[in-house]
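Trainee: Have a look; sequence and predicted model below, questions after that.
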Amino acid sequence: MSIDIEAHLELFRDMTLIRTFELSLEREFKKGAVPGMLHIGVGQEATQAALAAHLQASDAFFPDHRCHGLNALAEEKHAGTGRRIMAELFGRATGVSSGKGGSLHSANPAVGNFGDNAIEGSYMVTVLGVALAWKMRGERRVACCVIGDGTVGRGEFHESLNMAKIWQLPVLYACVNNGYAISTPVAASHASGDIVDLARGYGFPCVQVDGNDIEAAYAAVQAAVDHIRAGNGPYFLEFKTWRWQGIFSGEFRPADEVRYWKEERDPLKLARQALVTRGVAAADLDAIDAEVKAEIEAWIQFSKDSPMPDPAKAVADVYVGWEVEPR
Amino acid sequence: MTASATPRIRTYVQALNEALDLAMDRDPSVFLLGEDIGQMGGDFGVTRGLYNKFGAERVRDTPLSEAAIVGICVGSAMVGMRPVAEIMFADFLGECYDQIVNNAAKMHYMFDGQFKAPLVVRTAAGGGFGGGPHHSQSPEGWFLNVPGLVIVAPATPADAKGLLAASIENDNPVLFLEHKGLYRLKGDVPEGYYTTPLRQAAVRREGRDVTIVTAMKLVQDALAAADVLAQEGIEAEVVDLRTLRPYDADTVVASVRKTGRAVVATEAPKLGGLAAELSATIAEECFKDLKAPVLRVAGLDTPIPFSLPLEKLILPGKDDIVAGVRRVLAARA
């Protein structure tokens, strides 16, 4: 069953926004305007757009390090604009964490963003606490954590899935399997290159999805969220996908593989083809492209125009209620 | 808190149990989790009876998943709960170090105050009973360098109750160290709910000649040492830190300015520990008042062996404090 055309167009728009966000951000990073490190999610737009479509502001998600797009979409949907995510990456006072968190630690509970944690997988056990509290209080919400395939190597992966099952917690695991943990192929890291194989032993629904097919991803997240909201306990999704960004010093992956994923499996190109097949005019899709590009440039300008954080922020909020002396 | 003429004698374990019981009665967001804390009541009996009173939802047995135990504390605290975890032995804190250091302690700061982590991680610390290398350590030094974390370490039954209640009420993450050598210690414990302020050291004994700064079980050893020294005409002041991070430097400094001499005692090894930190602060703040160099009495720079005579050689006690004070009194700055 194909999804409603309006929803389909919305997802296309959201994916375009993620791609544009990431590529524009990378451009600014290369110019030196964005400090620190940068991990972009180009190629993985479908999983993030599908998650953003189904998670509510009253849910919680713990994004991973390539989730700028998901974070920005959550801001847009629940706070009107995604520009405070961009400003956070620029380290500005107008960022969601006032510039104290950056790419790897931006949070905004008002839109359900419970913050990334750059210790990959660490939040796999944090999410249990959110889910447990809601279950104890009888609140029907979804606590989602987005992880990569590399995180499966962490002990927390297993502690988390085990306890989510024994306590039947409302946790959605969204595992974005892009084939590599930095440079190490998934098959060299894990007992199975298919992460669902490892998750299934914990005895709750585990589904593998084509992470580059937005319609499949959208439907899979819908089914998972419905299951969890109905009080049926945890759910595991593995999105098979591929990241476009090489790593630090360039591309190490086989040329055939790079060509295949970029040319034949580009999630945006696939979504565009599907919409054209459904009768949407290419010009309408181009218009979405242009509108999104203008929007992202406005966010970048907003970030550059925003002030740096107040120096008092450096020693603020170390403790609740207690001050730390400035230098 | 009611003052009574006749002392209400309870053990340190009973005092902790009363604090948990009363805190859970007062606040439905308080719940407990840990290994074997339910019907069994925990390895040392601190949670005894609470499972029957509050049920399996609020007194939760967990698998041997220390990272998850503390992770669940952090996550549930982010959405308004006040979890209290039991990590059976402090030596196991390595298994949840990341959750305490990178998550609980930084949550409030890195997300710009948007989340709080009001949680307590209780754990049994310290040696002296033949627990061996993995059931005897004093872990405070592993955590002293972590901004955002509070470390509380009561030395008496009354403080065990009041400081645990205060830790549960506090909006910051608290690592709560219970010395195994104190669990059976008896003392006057006030009835009903009360809190003892965090970040306030207690002067356990006043004296004019030397200040002994310490915490946990060594407070009892320091008081015993002070009795011995008093027979020689040496009056030692004993400062019980109670909160190890952020600690009450004012009380320490005021005492050393008065006595002009300081012995700092910790069970943990000397290198990089609490004793080093206190010595540095005393040197910075009291240099002109010091009549002798600050002396550290600490555990030797070794793991803790199993065999009791060997363990006794490693861990400091009353006699080491007495000897330390005599050295400080003999020395001149």
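Mentor: All right, it came through fine.
Trainee: any idea which helix is longest in chain A?
Mentor: Determined from DSSP state H, the single longest helix within chain A is helix A:5-30.
Trainee: name the helices or strands packed onto that helix?
Mentor: Judged by 3 or more C-beta pairs under 8 Å, 6 or more residues apart in numbering or on different chains; DSSP states H and E, the packing partners of helix A:5-30 are helix A:45-54, helix A:68-79, helix A:83-89, helix A:214-229, helix A:267-277, helix A:282-305. Just so you know, the C-beta spots here come from the backbone N, C-alpha and C atoms, and that holds for glycine as well.
Trainee: And the pLDDT for B:Thr2?
Mentor: With respect to pLDDT, B:Thr2 scores 55.
Trainee: Take the helices and strands packed on helix A:5-30 and write them to JSON lines, including mean neighbour count and distance to chain B.
Mentor: Shown next, in JSON lines, are these (neighbours: other C-beta atoms under 10 Å in any protein chain shown; distance: least, C-beta to the nearest C-beta, whole Å):
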{"stretch": "helix A:45-54", "mean neighbour count": "28", "distance to chain B": "19"}
{"stretch": "helix A:68-79", "mean neighbour count": "24", "distance to chain B": "13"}
{"stretch": "helix A:83-89", "mean neighbour count": "28", "distance to chain B": "9"}
{"stretch": "helix A:214-229", "mean neighbour count": "20", "distance to chain B": "16"}
{"stretch": "helix A:267-277", "mean neighbour count": "18", "distance to chain B": "30"}
{"stretch": "helix A:282-305", "mean neighbour count": "15", "distance to chain B": "16"}
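Trainee: Throw these into JSON lines and include mean pLDDT, thanks.
Mentor: Listed next are these as JSON lines, based on pLDDT from 0 to 100:
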{"stretch": "helix A:45-54", "mean pLDDT": "98"}
{"stretch": "helix A:68-79", "mean pLDDT": "97"}
{"stretch": "helix A:83-89", "mean pLDDT": "98"}
{"stretch": "helix A:214-229", "mean pLDDT": "98"}
{"stretch": "helix A:267-277", "mean pLDDT": "98"}
{"stretch": "helix A:282-305", "mean pLDDT": "98"}
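Trainee: out of the ones you listed, nearest to A:Cys144?
Mentor: helix A:45-54 (6.8 Å; C-beta to C-beta).
Trainee: what does the closest one contact?
Mentor: Applying C-beta atoms under 8 Å, 6 or more residues apart in numbering or on different chains, the set of residues contacting helix A:45-54 from outside is A:7, A:10-11, A:14-15, A:18-19, A:41, A:61, A:67, A:69-70, A:73-74, A:77, A:144, A:146, A:174, A:176, A:211-214, A:217-218, A:220-222, A:225, A:239, A:241, A:267-268, A:271.
Trainee: quick one: secondary structure of the residue nearest to B:Ser138 when sequence neighbours are not counted?
Mentor: Leaving aside its sequence neighbours, B:Ser138 sits nearest to B:Ala268 (C-beta to C-beta, 6 or more residues apart in numbering or on different chains; 4.0 Å). Of the three states, B:Ala268 takes strand under DSSP: H, G, I helix; E, B strand; the rest coil.
Trainee: Could you verify my assumption that B:Ala268 touches B:Leu300?
Mentor: No: contact criterion C-beta atoms under 8 Å: B:Ala268 and B:Leu300 do not qualify, at 10.5 Å.
Trainee: higher neighbour count, the two?
Mentor: B:Ala268 (22 against 12; other C-beta atoms under 10 Å in any protein chain shown).
Trainee: What ranges does the stretch 201-333 of chain B have for its strands?
Mentor: B:202-205, B:210-214, B:236-240, B:243-245, B:262-269, B:295-299 (DSSP state E, counting those that start in this stretch).
Trainee: on that earlier part again, just want to check the distance between the residue nearest to B:Ser138 and B:Pro303.
Mentor: Between B:Ala268 and B:Pro303 the computed distance is 12 Å (C-beta to C-beta, to the nearest Å).
Trainee: repeat for B:Ala155
Mentor: Following C-beta to C-beta, the distance that separates B:Ala155 from B:Pro303 is 25 Å.
Trainee: Which elements pack onto the helix or strand harbouring B:Val70?
Mentor: According to DSSP states H and E, B:Val70 maps onto helix B:66-78. Secondary-structure packing of helix B:66-78 (3+ C-beta pairs under 8 Å, 6+ apart): helix A:123-136, helix A:155-166, strand B:30-34, strand B:82-87, strand B:120-125.
Trainee: In its sheet, which strands sit next to the fourth one, and in what direction?
Mentor: When pairs are called by DSSP bridges, strand B:82-87 turns out to pair with strand B:30-34 (parallel), strand B:120-125 (parallel).
Trainee: And for the shortest one, what's in contact with it?
Mentor: With contact meaning C-beta under 8 Å, 6+ apart, strand B:30-34 is reached by A:136, B:20, B:23-24, B:42, B:47, B:50, B:57-62, B:69, B:72-73, B:76, B:81-88, B:122, B:168.
Trainee: if you set the cut-off to 6 Å instead, what comes out?
Mentor: For strand B:30-34, the surrounding residues in contact (C-beta atoms under 6 Å, 6 or more residues apart in numbering or on different chains) are B:23-24, B:58-60, B:62, B:69, B:82-86.
Trainee: now swap in the last one and tell me
Mentor: When contacts are taken as C-beta under 6 Å, 6+ apart, the neighbours of strand B:120-125 outside the stretch itself are B:84-87, B:89-90, B:138, B:167-168, B:174-180.
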